[in-house]
Structure formats: structure tokens, C-alpha cells
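In: Sharing a model prediction with you, sequence too.
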Amino acid sequence: MNPYALSIMLSSIATGTIIVVSSSHWLLVWIGLEINTLAIIPLMSQQLHPRSTEATMKYFLTQAIASALILFSATTNAWLTNQWQMTELLPLQTNMITIALAMKLGLAPMHFWLPEVLQGIDLTTGLILSTWQKIAPMMVIYMTYNTLNPHLLTPMAILSTIIGGWGGLNQTQLRKMMAYSSIAHLGWMMAVATMCPNLMLLNFMVYLIMTSSMFLTMKYLKTTSINLLSVSWSSTPTMAAISSLTLLSLGGLPPTSGFMPKWLILQELTKQHTTITATMLAMSSLLSLFFYLRLTYSMTLTNSPNTSNATTTWRQKSNQASMPYSLVTIMTILLLPITPNLLPQ
């Protein structure tokens, strides 16, 4: 893509997110979400391949339906209440906007588009779609948490963690696995959205760091499937070892950073006497942990068939920037000790 066009698209994505985050008017929120959606579409379709074209159309139709639902709900709410503020929502309009935001995020049962779209685009655009594109809808949920319906969000959260874990079990493509991982993590966030929105925001920030680390790893290794991961140990053993810790952090195992939000969310759910929800989330996280361990096994404990007796294979120096990968990987693994500073005194 032309550098000027690329800079315009990336700045438009950033502008749309900033508009959503800094506004409390439903019309401005809708405009920001639309700018976000329209700016990423050229990045998704730049490969000129039928799979990327299909992914672009699926993404556009899904986001258009969600945006139309948000605009309709906000307009009817303004018609009935005579104002456009985000904090004043009627119950019906709240439920409709919640469903629309769930569709934009890829929350179950409106998750159907996310694995197919993520599989059809390249890793760089997939990184943007899995991280930056979720900031604006998540901020809308954060700003309207006191009007959200917990009886709608909690079943969606439980369903997302189950589908996110179950759907990733039979996958061999890493991008689809990351899509189901995103669905499962979103379920954890929605489970605590109405009880403790700051905890939801913490989980979201840790999710952004972990997902960025995993996508940068795949981009550095130029791998998109489990089979290609098996050669990473012989070519880049240090990165393979560190990436296995990143996968364990995504699974939520201590002492990595991914354990922190899960621990705090289970503690908060137990305090709010929603023990059944906490138990179902904890059990469904075992499904996600299974395919993370499967990736870890393929990356570190298997070697590809090789006729050479050499311990390391010949390799070229990668031209990928290593500084962003290093920063997010360090945060993915080593943030757990700051947990006491995040707890209320």
C-alpha cells in the first residue's frame, strides 16, 4: 500500500478511537465507530486475494449492522428522553446497544464473524483488529456500565468463555486460535463489567499486551499454523522459549501477567456472591488452557523432520523490528508483582 494512503488509514483509525473515547454524545460516538470501521477496510483488502475480499465483506456487513443498530437505539432514546447523553438510556435501548457492541467486539453469540475475518487477513491487520479496534466499543461499555443490564451481559460472558475455549480446541490455524482466545478473554471482561468496571479495564489492558506479544511473535517467525511452529525451536530457540511463556500467560497461569486479571475477577465475583458464574468461568478457562498448552508443546517440545545432524538450522536475519516485541513480551510475563498496588486499600 502507498505510504501516504497507509498513514491516512492509520491516522483515521486513531482519530475514530479518540472521538469515541473523548465524547459523551451518542451521535459523536457513532461517527467515531464508523470512522474506525471504514478506515481499516482498505487495510484488510490490500492483499487482492479472494479470502481477504471475503473477510472484508463479512467484517463490513457485520459492523454496518451493529452501527445501524447503535444509531437506531440512540435516536429512539433521544426521541423519548430529549437528550443524547450516553449515561441516560432507557432499558430497551440499553439492551439493543449492548447487543450491537457485542457484535462489534465479537462477543458470543455474535462471534460468528471474528474467526473467519481474522483468518482471511494478514498478521499486521489482524493485530490491529484484535487490539486497537476493540478499544472504542470497550470504552463505550466502560462509560455506560451503570446502565447496562447484568442479566444480559452475564449469560453472554459465560457463553463467550465456553465458546472461546471449545472453538479453539480443533483449530490448526493460529489466527483462528487467537480469534477464539479473544472471544474467551472478552467473556471474562463482560462478566465483571457491571460490578467493577476498573477491573474490566485492567483485564482489557493486559489482554492488549498479551495479544500484541503473540501476534508480533507470529509476525517475527512468519508463521500462521501449528505445523510451522515446530521449526521455531531449531531456528530461534530463545524466542520459542519466551513465546511459550507468552502462551502460558494467555492461559492465565501464575506467575505470568495473565494470572492477575483472572485472579482478581474471580475474587470480585466471589465477593458479589456470584459463585456459579465464577465457577463456570474457571472451568471454561481450562478449555482455553488446553490449546495454549498444545501450542506450547508444538513450539518447544517438538522438532520438525530434518535430515541434517546439525543442532540448529540455517537461518537468515529477520528484518522485523524487535523492540515492540521485547517490550510487550516483558510486560506479558512480569506484571504480576504489581498486583498489590492495584488492590483497594
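Out: Yes, it's here. Numbers count the residues shown, from 1 in each chain.

In: residue contacts, residue 270?
Out: For residue 270, the contacting residues are residue 278, taking Cβ atoms under 8 Å, 6 or more residues apart in numbering as the criterion. For every residue, glycine as well, the C-beta is placed using N, CA and C.

In: try residue 142
Out: When contacts are counted by Cβ under 8 Å, 6+ apart, residue 142 is found next to 193, 197, 200, 201.

In: Inside helices: which ones of those residues?
Out: Among the contacts of residue 142, the members falling in helices are 197, 200, 201 (criterion: DSSP state H).

In: count of neighbours near the last one?
Out: Think residue 201. Here the neighbour count serves as a burial measure; for residue 201 (other Cβ atoms under 10 Å) it reads 18.

In: Quickly note the distance from it to residue 207.
Out: Using Cβ to Cβ, to the nearest Å, one gets 10 Å for the distance from residue 201 to residue 207.

In: Following the chain past the worst-scoring helix or strand of the chain on mean pLDDT, name the next helix or strand.
Out: Within the chain, judged by mean pLDDT, DSSP states H and E, the helix or strand with the poorest mean is helix 232-235; its value is a mean of 76. Using DSSP states H and E, the helix or strand that follows helix 232-235 in sequence is helix 237-251.

In: Residues in contact with that next one: which ones?
Out: Around helix 237-251, the neighbours that count as contacts under Cβ under 8 Å, 6+ apart are 181, 210-211, 213-214, 217, 220-221, 232-233, 256-259, 285, 288-289, 292-293, 295-296, 299-300, 312, 329, 332-333.

In: any idea of the mean pLDDT for it?
Out: Helix 237-251 carries an average pLDDT of 89.

In: Quick check: buried residues in it?
Out: For helix 237-251, the neighbour count (16 or more other Cβ atoms under 10 Å) marks 239, 240, 242, 243, 244, 245, 246, 247, 248, 249, 250, 251 as buried.

In: Pick out the most distant pair among those.
Out: Between all members of these, the longest pairwise span (Cβ to Cβ) is found for 239 and 251 and amounts to 18.6 Å.

In: which helices and strands does the helix or strand hosting residue 52 pack with?
Out: Assignment of secondary structure by DSSP H and E places residue 52 within helix 50-81. The helices and strands touching helix 50-81, judged by 3 or more Cβ pairs under 8 Å, 6 or more residues apart in numbering; DSSP states H and E, are helix 26-44, helix 91-105, helix 113-119.

In: Make JSON lines out of these and add distance to residue 154 and mean neighbour count.
Out: What follows is those, written out as JSON lines (distance: least, Cβ to Cβ, whole Å; neighbours: other Cβ atoms under 10 Å):
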{"stretch": "helix 26-44", "distance to residue 154": "24", "mean neighbour count": "20"}
{"stretch": "helix 91-105", "distance to residue 154": "12", "mean neighbour count": "21"}
{"stretch": "helix 113-119", "distance to residue 154": "21", "mean neighbour count": "22"}
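
In: now the ones you listed as JSON lines including distance to residue 10 and mean pLDDT?
Out: Output for the helices and strands packed on helix 50-81, formatted as JSON lines (distance: least, Cβ to Cβ, whole Å; pLDDT from 0 to 100):
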{"stretch": "helix 26-44", "distance to residue 10": "8", "mean pLDDT": "94"}
{"stretch": "helix 91-105", "distance to residue 10": "20", "mean pLDDT": "93"}
{"stretch": "helix 113-119", "distance to residue 10": "19", "mean pLDDT": "94"}
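
In: Could you pull out the helices in the stretch 101-250 of the chain for me?
Out: For the stretch 101-250 of the chain, helices defined by DSSP state H, counting those that start in this stretch occupy the ranges 113-119, 123-130, 135-143, 150-167, 174-191, 197-221, 226-229, 232-235, 237-251.

In: Could you give the separation of the last one from the chain centroid?
Out: Put plainly, it is helix 237-251. The gap between where helix 237-251 is centred and where its chain is centred comes out at 18 Å by Cα atoms, centre = their mean, to the nearest Å.

In: May I see the buried residues of the helix or strand just after it?
Out: As assigned by DSSP H and E, the chain's next helix or strand after helix 237-251 is helix 259-271. By neighbour count, and taking 16+ other Cβ under 10 Å as the criterion, the buried residues in helix 259-271 are 259, 260, 261, 262, 264, 265, 266, 268, 269.
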